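Asks: The following block contains a protein sequence and its predicted model.
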Amino acid sequence: MVSRNSQDISALARNLMPSMPDARRFIVGVSGGLDSVCLLSCLVELQQLLDLDLVVAHVDHSLRECSRFDAEFVRSLAEQSKLGYEETKVSLNRKTKSIEQWGREVRYRFFRSLRELHKADYIITAHTASDFVETYVMRLMANKEIGRGILFRDPETRLFRPFLNIFRPELVAHSEEHGIQFREDPTNSDPKYLRNKIRHFVIPLLRAKYGDSVERALLIHAQEASKVWYEKRSSVGDSLAAIEAWRTEPAKWFRHFEHILRGFAVDQRWILVQAGLYPELKFNLGRHHCDRVVEFLLEKRRSVQLPAGRCITRSKGQVFWEAL
């Protein structure tokens, strides 16, 4: 490979440089679509300059007949750049209510396992400002908690999302300028999915009504709401630290946790539950399920079912984790 300096690389990759963590080994989530292929392209440009050790990770969700071609395409990208490559193929659980949530859970479970396997510093994904705005609008429309956003760099989950300030049209322009090939996922145009309705109908309608700056304005609102949420989330840290020693003894931990929970303001309890259960679940529980856990603990109910096949059960006065 020819030695490169910062003048030899693309503007997009050059803009990425200041935000890169002080680390060298990364798991890079690549679906084969525009966003993730542009991300991988930039990281390959920076590889020698920043001494990066990159492992490409791809999940075949088996949702489309042509999904295996996506996997072959991503594998070829990794081989062309002489990068490590990891792949997994999964099948949809027909009991799943939300395909998007299921896909997100299996992807991040796979990425986390690879980070441990390869002793990587961070997982990098290609979430864009457009994704952030779409998620924010989705939560507004679905009357869900709007604060929980997508962090640029999350020290808790070791996730890094360098494109969070970049809107999708910038990536389209970058791919056209540099001849970057990528796979088109036809489901991204299917209006039966709420995200696609927002992407292809709601956002364009807002743009036509209020001008091109409306997405930037929504992004600022989403970032502010996210900042407030994470400040609330961090405020529960001291309370959880006090009972961390009991983490390996679930019955005792839940007993202490219930005591702390009763002392919290009613509208803050779900945040304590989300933060408290994260180390066991390895993902952030949604507001609805957090409220159900609060009811389970404080109203002495028998059990509560959670996503990813997990359950919390009460037996003979003690509370335990169970797998469904």
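Replies: Sure thing, it's come through.

Asks: Burial check on Lys82, number of neighbours?
Replies: Using other Cβ atoms under 10 Å as the criterion, Lys82 is surrounded by 10 other residues. Glycine gets a C-beta too; all of them are placed from N, C-alpha and C.

Asks: can you pull out the helices in this structure?
Replies: Taking DSSP state H, the helices of the chain run over residues 11-16, 34-50, 67-80, 99-117, 129-141, 168-178, 194-197, 203-210, 214-235, 237-241, 250-262, 269-281, 287-298.

Asks: Among the ones you listed, which comes closest to Glu322?
Replies: Across the helices of the chain, the minimum distance to Glu322, taken as Cβ to Cβ, is reached by helix 250-262, at 10.1 Å.

Asks: Listing partners with orientation, what would you give for the strand ranked longest in the chain?
Replies: Residue-count comparison of every strand in the chain, with assignments taken from DSSP state E, identifies strand 53-60 as the longest. Each strand that strand 53-60 pairs with, and the sense of that pairing, follows from DSSP bridges: strand 25-29 (parallel), strand 84-89 (parallel).

Asks: For Phe201, give me its contacts.
Replies: Under the criterion of Cβ atoms under 8 Å, 6 or more residues apart in numbering, the contact list for Phe201 reads Pro191.

Asks: Show the pLDDT at it.
Replies: What the model reports as pLDDT for Phe201 is 95.

Asks: what do you get for the one 3 residues further on?
Replies: At Pro204, the pLDDT value in this model is 95.

Asks: Report the separation between it and Ile166.
Replies: If you measure Pro204 against Ile166 using Cβ to Cβ, to the nearest Å, the figure is 19 Å.

Asks: for Glu79, same thing?
Replies: 27 Å.

Asks: the more surrounded of the two?
Replies: The residue with more neighbours, out of Glu79 and Ile166 and counting by other Cβ under 10 Å, is Ile166; that gives 21 against 11.

Asks: Isn't that one up against Thr128?
Replies: Yes - contact criterion Cβ atoms under 8 Å: Ile166 and Thr128 qualify, at 5.5 Å.

Asks: need the helix or strand of this structure with the lowest average pLDDT.
Replies: Per-element confidence for the chain was summarised using mean pLDDT, DSSP states H and E. The lowest value among helices and strands belongs to strand 153-154, with a mean of 84.

Asks: Tell me which other helices or strands it touches.
Replies: strand 159-160 (3 or more Cβ pairs under 8 Å, 6 or more residues apart in numbering; DSSP states H and E).

Asks: repeat that for 10 Å
Replies: Contact analysis of strand 153-154 by 3 or more Cβ pairs under 10 Å, 6 or more residues apart in numbering; DSSP states H and E lists strand 122-124, strand 159-160 as its packing neighbours.

Asks: Return the most buried member of those.
Replies: Among these, the stretch with the highest mean neighbour count (mean count of other Cβ atoms under 10 Å) is strand 122-124, at a mean of 25.

Asks: quick one, what contacts the nearest residue to Phe254 once chain neighbours are set aside?
Replies: The shortest distance from Phe254 to any residue that is not its chain neighbour, by Cβ to Cβ, 6 or more residues apart in numbering, is 3.8 Å, and that residue is Val319. With contacts taken as Cβ atoms under 10 Å, 6 or more residues apart in numbering, Val319 has the following neighbours: 250-255, 257-258, 296-297, 300, 303-304, 312-313.

Asks: And these, which is closest to Tyr108?
Replies: Here the nearest of these to Tyr108, counting by Cβ to Cβ, is Ile312; it sits at 21.3 Å.

Asks: Just want to check the distance between the closest residue to the closest one other than its chain neighbours and Ala323.
Replies: Of all residues not flanking Ile312 in the chain, Val304 sits nearest, at 5.2 Å (Cβ to Cβ, 6+ apart). Computed as Cβ to Cβ, the Val304 to Ala323 distance reads 14 Å.

Asks: Tell me if I'm right that Lys117 and Ile27 touch.
Replies: Slight slip there: residue 117 is Leu, not Lys. Yes - applying Cβ atoms under 10 Å as the test, Leu117 and Ile27 come out as touching, 9.1 Å apart.

Asks: Can you list the low-confidence ranges for the chain?
Replies: Within the chain, the stretches with pLDDT under 70 are 1-7, 94-97, 143, 145-149, 324.

Asks: Domain-wise, how is it divided?
Replies: Listed domain ranges for the chain are 11-189, 236-323 (source: automatic domain parsing).

Asks: If anything else comes up later, I'll come back, but that's it for now.
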